[in-house]
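> Give me coordinates for this.
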Amino acid sequence: MHRHPAVRHDRAITERIYRTAVGSQTVDLPLVQVAPDVTIALLICVDHGVAFSERAGKELADLLREARPEVVVSVATMGIPLAIEVTRALGLDDYVILHKTPKIHLGDTWVEPVRSITTEADQTLRLDPARVDAVRGRRVAVVDDVVSTGASLRAALSLLRRAGAEPVVVGAFLTEGEQWRRALGEDAAMVRALGAIPLFHVRPDGTLLEDWVGDG
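A predicted model of the protein is given here:
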């Protein structure tokens, strides 16, 4: 897994674009303020095209294969292309999507509260009751584009375990900062990623300072 030392780098960022590696590919990510003192480099994988997701999905699958997952799970909507590509690359034929938007067929049986760094309101993660048998008793790989606070991932793991699934590995295009490690505890050891990015804090002169720890 791609790791960075848990120290803050004293490197001022003046551009509004952050260039980073996602496996063998390089991407330019826009810097977006999400709180008064927190800015993130925003990866929206659907904005980078089919070829990007296909290549990154294959490379991520290579990191997950050793765990021998039987089904791939991700979170709608950004996780859908990632789930498809990783599932295809692993030679599997089924994936399960967890939802954050209430729909009549999802009900309230399989739910877990969650709050994401990119959303202002609390949300609820939902597993379609019709898809419980697709994960129950099976080895599951949970994939997401970015693991940041770890809140969404922690909720997904909790929901899957309550449904009788066995999460064995977590895959991400990027990890962000280090806060997710504290949120996940022992489950952090399951995370495999193609790259890592910091959080950013505004300095008095208006430039941004990289923060790899994510503790403010």
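
> which stretches of this protein form strands?
With DSSP state E as the criterion, the chain has strands at 12-13, 17-22, 25-35, 38-41, 71-75, 95-98, 111-114, 123-126, 139-147, 166-176, 191-193, 196-197, 199-202, 208-211.

> can those go into TSV with extra columns for mean neighbour count?
C-beta here means a position set from N, CA and C on the backbone, and glycine is covered the same way. Below are the strands of the chain laid out as TSV (neighbours: other Cβ atoms under 10 Å):
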stretch	mean neighbour count
strand 12-13	15
strand 17-22	16
strand 25-35	14
strand 38-41	21
strand 71-75	25
strand 95-98	22
strand 111-114	18
strand 123-126	20
strand 139-147	26
strand 166-176	24
strand 191-193	21
strand 196-197	22
strand 199-202	20
strand 208-211	20
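
> I'd like to know which of those is closest to residue 52.
strand 25-35 (6.2 Å; Cβ to Cβ).

> between that closest one and strand 17-22, how many degrees?
Angle between the axes of strand 25-35 and strand 17-22 is 130 degrees (criterion: axes from the mean of the first three to the mean of the last three Cα atoms, to 10 degrees).

> could you measure residue 173 against residue 63, distance?
Using Cβ to Cβ, to the nearest Å, residue 173 is found at 11 Å from residue 63.

> do the same with residue 167
On the measure of Cβ to Cβ, residue 167 and residue 63 end up 15 Å apart.

> Likewise for residue 79?
With Cβ to Cβ as the criterion, residue 79 and residue 63 are 16 Å apart.

> Neighbour count: the two, which is higher?
residue 79 (24 against 20; other Cβ atoms under 10 Å).

> The more buried one against residue 97, yeah?
Yes - counting by Cβ atoms under 8 Å, residue 97 is a contact partner of residue 79 at 7.0 Å.

> before we move on, the earlier item: mind listing the shared neighbours of residue 173 and residue 63?
193-194 (Cβ atoms under 8 Å, 6 or more residues apart in numbering).

> Give the residue spans of the protein that score low on pLDDT.
Residue ranges of the chain with pLDDT under 70: 1-15, 115-121, 214-216.

> Please determine how far the residue lying closest to residue 89 once chain neighbours are set aside is located from residue 83.
Nearest non-adjacent residue to residue 89, counting by Cβ to Cβ, 6 or more residues apart in numbering: residue 61, 3.5 Å away. Distance, residue 61 to residue 83, by Cβ to Cβ: 11 Å.

> swap in residue 112?
18 Å.

> Identify the residues contacting the nearest residue to residue 159 once chain neighbours are set aside.
With Cβ to Cβ, 6+ apart as the measure, residue 112 is the residue that lies nearest to residue 159, at 4.2 Å, once sequence neighbours are left out. When contacts are counted by Cβ under 8 Å, 6+ apart, residue 112 touches 124-125, 155-156, 158-159, 162.

> switch the cut-off to 10 Å
98, 123-127, 152, 154-160, 162 (Cβ atoms under 10 Å, 6 or more residues apart in numbering).
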